[in-house]
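>>> Pasting a predicted model and its sequence here:
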Amino acid sequence: MIIEDDILMMDIYSTALAAAGCRVFKAWDGEEGLRLVAENCPSAILLDLIMPKVTGFEVLEKLKADQATRGIPVLVLSNLVDDVNIKQAMDRGAERFLPKTGYTPAEITKTVLEYLAK
């Protein structure tokens, strides 16, 4: 599942993951993301931090507080790459923090597939 409010980024990542054989659920904000996670129980989540309605930080907190979703690996994909935001994401239960500008779609796909194989 991808929870990302940037349409272009959503299309790039979802296309790359679909090409690798993944079934991709897409949410444009944190509120919709939480609803779709509850309905579909995805195997992994790519999560942006800055989004409308419910932020990625809030999504992480809610997912990790819920027994049904706390085991889903969440990979944060964000441009907020300062130490404070990285620590906050990791403290809230993110498995990995991936800077958007530091990884190609192929590298993101490879990382997601590694988590799916666990």
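That came through fine.

>>> Would you point out which residue is most central in the protein?
residue 46 (1.8 Å; Cα atoms, centre = their mean).

>>> That residue: what's its closest spatial neighbour, skipping adjacent residues?
residue 2 (4.6 Å; Cβ to Cβ, 6 or more residues apart in numbering). To be clear about C-beta, it is placed using only N, CA and C from the backbone, and glycine gets the same treatment.

>>> how much space is there between residue 108 and residue 99?
Note on residue 108: its distance to residue 99, by Cβ to Cβ, to the nearest Å, is 11 Å.

>>> These two: who's more crowded?
Using other Cβ atoms under 10 Å as the criterion, residue 108 and residue 99 rank with residue 108 on top: 21 against 13.

>>> Tell me which other helices or strands the host helix or strand of that one touches.
Assigning secondary structure by DSSP states H and E places residue 108 in helix 105-116. When contacts are defined as 3 or more Cβ pairs under 8 Å, 6 or more residues apart in numbering; DSSP states H and E, helix 105-116 packs onto helix 7-19, strand 74-78, strand 96-99.
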